[in-house]
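Enquirer: Just a sequence and a predicted model for now, questions to come.
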Amino acid sequence: MKFVKYFLIFALVALVLIQFYRPEKNESGYETVAHFEQEAQVSPALAAVFKTNCYDCHSDQTIYPWYSEVAPASFWLDDHVRDGKKHFNVSAWESYSAKKKDHKLDELIEFVEDGEMPLDSYTWLHGDLSDDDTKAILDWAQLQRLKYQKEMTEMSK
């Protein structure tokens, strides 16, 4: 019984101390989303879907919920944002080649079609994509892929 008591005291002290260490916030790139939306011809309606469901983890424009201020949730969210940006980062879109843009859009189509995006852990708190939103994203991505594939073909001539 003494062990349990000491363990609980240690856990409480650790929980309090960890509150003083915070991961760096991902809030530096508001202008880079605008470049992506302009180049990729994102409609205002689709931009709203991206803002609500995608940009938190796939841009430098994260809007943090209240629980992001409490560890260990802050570390969990930081890991999700870093991982999301590693796979698809609209804030880095300008630096991608046409080939990489086509590949990223191909991955986006695959993950959205398979229901892997947005993540379940995101949709539990924020809601899922509607069928209309999913269709709009897929139609847009397929159309954009054609544009980048044409660009790659012209470059190879």
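Expert: Thanks, I have the structure now. Residues are numbered from 1 along each chain as shown.

Enquirer: helix or strand for residue 22, which one?
Expert: Using DSSP states H and E, residue 22 falls within no helix or strand.

Enquirer: wait, what's in contact with it?
Expert: Contact analysis of residue 22 by Cβ atoms under 8 Å, 6 or more residues apart in numbering lists 69, 71, 74. Glycine gets a C-beta too; all of them are placed from N, C-alpha and C.

Enquirer: Checking the second one next. Helix, strand or coil?
Expert: I take that to be residue 71. What DSSP: H, G, I helix; E, B strand; the rest coil gives for residue 71 is coil.

Enquirer: Summarise which helices and strands the helix or strand of the chain with the lowest mean pLDDT is packed against.
Expert: For the chain, scoring each helix and strand by mean pLDDT, DSSP states H and E identifies helix 120-126 as the least confident one, at a mean of 77. Applying 3 or more Cβ pairs under 8 Å, 6 or more residues apart in numbering; DSSP states H and E, we find helix 120-126 packed against helix 44-53.

Enquirer: what is the mean pLDDT for the helix or strand just after the helix it packs on?
Expert: Past helix 44-53, further along toward the C-terminus, the next helix or strand under DSSP H and E is helix 55-58. The average pLDDT within helix 55-58 is 88.

Enquirer: Now tell me what touches the next helix or strand after helix 55-58 from outside.
Expert: Counting by DSSP H and E, the element after helix 55-58 in chain order, helix or strand, is helix 73-87. With Cβ under 8 Å, 6+ apart as the test, helix 73-87 has contacts from 22-24, 26, 56-60, 62, 64, 67-68, 91-92, 107, 119, 121-122.

Enquirer: Buried ones among those?
Expert: 26, 56, 57, 58, 59, 60, 62, 68, 91, 92, 122 (16 or more other Cβ atoms under 10 Å).

Enquirer: residues contacting the residue positioned nearest the centre of the chain?
Expert: With distances taken as Cα atoms, centre = their mean, the residue of the chain nearest its centroid is residue 57 (2.2 Å). Residues near residue 57 by Cβ under 8 Å, 6+ apart: 80, 81, 83, 84, 85, 118, 119, 122.

Enquirer: what about the first one, how many neighbours?
Expert: Using other Cβ atoms under 10 Å, the number of residues around residue 80 comes to 16.
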